[in-house]
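Participant: Here is my input; please provide its structure:
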Amino acid sequence: MRPREYKRVMTIAGSDPSGGAGVQADIKTISACGCYATSAIAALVEENTMGVYGVFPVPDAFVAAQIYAILDDIGTDAVKIGMLHSTELIRAVKTALDRYPEITDIVLDPVMVATSGDPLLEEEAIATLRDELIPRSRIITPNIPEAEILLGRSIRSQEELPDAAAELSRLGASVLLKAGHLSDERLIDILYNAETNETIYLESKRIDTVNTHGTGCTLSSAIASFLAKGNALNDSVKLAKDYISKAIESGAQYKIGKGHGPVNHFHNKIFEKIL
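Facilitator: Below you'll find the model as predicted:
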């Protein structure tokens, strides 16, 4: 009998020891969405639910070596990329991925701004991300502050999001522009599919909870997982949106840590019933 094959997703991101974001959240999400998770760790982060206190970068060549080790052996059906802290690392990751041109389902979460509003990347690294890595990706998932940095202008209202998403797509990828930073009662994210020139409105209710740590990591990893399973881009984003909405809603019932807790990545798994 022929052995079954996993759908594989590789995450390239930093580590979060509190388990709510970064590589740990990615692995949980990929697993919960029915895929096999591999990882290349780009940084070790001193972090918990209260904030980020320190970052220890992994050498660029060693990040690339992790990518080669995974792809030369296990391979992957999709890739999720999180925060890459420097121009040199961004280029190292792109060079590594360019060795495998058959890998096209790349989801880039362009993490550039801390929750406090402080920039996480220098100007040169932002330019490298914009000009070199975004065109290598299939879809990017910026929030509004990140979109503002990439566009070089402010976004003040829900009505501006469709045009902003379409403008961002000219950088070379489809765009899921997240509306969470707006104060509207309803959340309406905008998906601009650059492959079909479609603008899709994805509405969800705003959930009153402090447990939102790692939502961006989780959403982008879910999109990569559903792409890996063979879904079309629009369907992958819709399925991922449904997954993260339910993960936030379920996670709101729990208390972990003193600050912003995680979502419940395994809300759809049977063992939740015994917790």
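Participant: For the rest of this, base every contact and every neighbour count on C-alpha atoms.
Facilitator: Fine.
Participant: gap between residue 237 and residue 156?
Facilitator: Look at residue 237 and residue 156: by C-alpha to C-alpha, to the nearest Å, they are 24 Å apart.
Participant: Who has more neighbours out of those two?
Facilitator: The neighbour count for residue 237 versus residue 156, taken as other C-alpha atoms under 10 Å, is higher for residue 237 (23 against 12).
Participant: Can you say which helix or strand has the nearest residue to that one once chain neighbours are set aside in it?
Facilitator: Leaving aside its chain neighbours, residue 237 sits nearest to residue 223 (5.5 Å; criterion: C-alpha to C-alpha, 6 or more residues apart in numbering). Element membership for residue 223 (DSSP states H and E) is helix 215-228.
Participant: List the buried residues of that helix.
Facilitator: By neighbour count with 16 or more other C-alpha atoms under 10 Å, helix 215-228 contains the buried residues 215-228.
Participant: now do stretch 96-110
Facilitator: So, applying 16+ other C-alpha under 10 Å, buried residues of stretch 96-110: 96-97, 103, 105-110.
Participant: what's the answer for stretch 125-139, then?
Facilitator: By neighbour count on 16+ other C-alpha under 10 Å, the buried set for stretch 125-139 is 125-126, 128-130, 132-139.
Participant: Just the C-alpha atoms of it, please, in CSV.
Facilitator: Output in CSV follows, covering the C-alpha atoms of stretch 125-139 (Å, rounded to 0.1, in the frame of the first residue of the first chain):
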residue,chain,number,x,y,z
ALA,A,125,15.2,46.6,5.6
ILE,A,126,11.7,47.9,4.8
ALA,A,127,12.8,48.9,1.3
THR,A,128,14.4,45.4,0.8
LEU,A,129,11.2,43.7,2.0
ARG,A,130,9.1,45.9,-0.3
ASP,A,131,11.3,45.6,-3.4
GLU,A,132,12.7,42.1,-3.2
LEU,A,133,10.7,39.8,-0.9
ILE,A,134,7.1,40.9,-1.6
PRO,A,135,7.4,40.2,-5.3
ARG,A,136,8.6,36.6,-4.4
SER,A,137,5.4,36.1,-2.3
ARG,A,138,1.9,35.1,-3.5
ILE,A,139,0.1,37.1,-0.8
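Participant: how far away is residue 184 from residue 155?
Facilitator: Relative to residue 155, and taking C-alpha to C-alpha, residue 184 is found at 14 Å.
Participant: more crowded one of the two?
Facilitator: Just comparing residue 184 and residue 155: by other C-alpha under 10 Å the higher neighbour count belongs to residue 155, 16 against 13.
Participant: Would you check that that one makes contact with residue 148?
Facilitator: Yes. The pair residue 155 / residue 148 is scored as a contact, 6.5 Å apart, by C-alpha atoms under 8 Å.
Participant: and the closest residue to residue 201 other than its chain neighbours, helix, strand or coil?
Facilitator: Counting by C-alpha to C-alpha, 6+ apart, the nearest residue to residue 201 once its immediate chain neighbours are dropped is residue 190, at 5.1 Å. Taking DSSP: H, G, I helix; E, B strand; the rest coil as the rule, one finds residue 190 in the strand state.
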